[in-house]
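Visitor: Provided below are the primary sequence and the corresponding predicted coordinates.
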Amino acid sequence: DAGITQSPRHKVTETGTPVTLRCHQTENHRYMYWYRQDPGHGLRLIHYSYGVKDTDKGEVSDGYSVSRSKTEDFLLTLESATSSQTSVYFCAISSQIDSNQPQHFGDGTRLSIL
Amino acid sequence: DQQVKQNSPSLSVQEGRISILNCDYTNSMFDYFLWYKKYPAEGPTFLISISSIKDKNEDGRFTVFLNKSAKHLSLHIVPSQPGDSAVYFCAASKGGIVAYGNKLVFGAGTILRVKS
């Protein structure tokens, strides 16, 4: 199994509070991704990183920010959480230099915003 | 506007028989396709992939078929086993050398139940 740890695994918080989710990898992979999974939508890309301090937006980036100060850590922040951000969040990593390398996923963080 | 569609939310199959999961895509720029399997409370795990230069890729009990003209791919599991019961996601990406990462587009998933 790819060495990916997501923390926390579960979190319940209130609307308007800031929330930070952490993804930690031990594989020294260059690329890291944050997805959210919602019923009827599969997984949708929020943000991704192609190196330390190099990040870009994905399909559903509004309301989210990310930071990557070290190769092994990729943080996802909800500055002011809303109920629509209740979801399961997955981090993924890959070492690819071409497209034909799969991404490997962590076990997810279940986030509930009341 | 979903670029990758899995139109069957669920599928139920008898143990030992074939499971066929389908996926359609609309973006002709996609040239790499993957299937992931997901158990409850776990992350998706990579199952099998296919490049657009091929029409079939096989790995043990799992075979993926790609029909580019129809923009359709399918995953065949033969024989199906109870441990195959999971959610299966189809994903696609635009290929080539991607210095900035490879963004996957996922379908909504199909729940497979294999009955013993």
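Guide: Yes, it's here.
Visitor: need the contact list for residue 23.
Guide: No chain was given, so I picked chain A. A:4-6, A:32, A:34, A:73-76, A:91, A:106 (Cβ atoms under 8 Å, 6 or more residues apart in numbering or on different chains). Where C-beta positions appear, they are placed from N, C-alpha and C, glycine not excepted.
Visitor: was after chain B, sorry
Guide: B:C23 touches B:4-6, B:33, B:72-75, B:90, B:107, counting by Cβ under 8 Å, 6+ apart.
Visitor: again with B:N57
Guide: B:48-50, B:63-64.
Visitor: Secondary structure and neighbour count added to those, as JSON lines?
Guide: As requested, these are exported to JSON lines (DSSP: H, G, I helix; E, B strand; the rest coil; neighbours: other Cβ atoms under 10 Å in any protein chain shown):
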{"residue": "B:I48", "secondary structure": "strand", "neighbour count": "18"}
{"residue": "B:S49", "secondary structure": "strand", "neighbour count": "20"}
{"residue": "B:I50", "secondary structure": "strand", "neighbour count": "22"}
{"residue": "B:T63", "secondary structure": "strand", "neighbour count": "18"}
{"residue": "B:V64", "secondary structure": "strand", "neighbour count": "24"}
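Visitor: Can I get those in CSV including pLDDT and distance to chain A?
Guide: Output for the contacts of B:N57, formatted as CSV (pLDDT from 0 to 100; distance: Cβ to the nearest Cβ, whole Å):
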residue, pLDDT, distance to chain A
B:I48, 95, 9
B:S49, 93, 6
B:I50, 93, 10
B:T63, 98, 17
B:V64, 98, 13
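Visitor: Could you work out the most separated pair of those?
Guide: Among these, the pair separated by the greatest distance (Cβ to Cβ) is B:S49 and B:T63, at 12.0 Å.
Visitor: in chain B, which spans are strands?
Guide: With DSSP state E as the criterion, chain B has strands at B:4-5, B:10-14, B:19-25, B:32-38, B:45-51, B:56-59, B:62-67, B:72-77, B:86-93, B:105-106, B:110-115.
Visitor: These: which one's closest to A:R110?
Guide: strand B:32-38 (13.8 Å).
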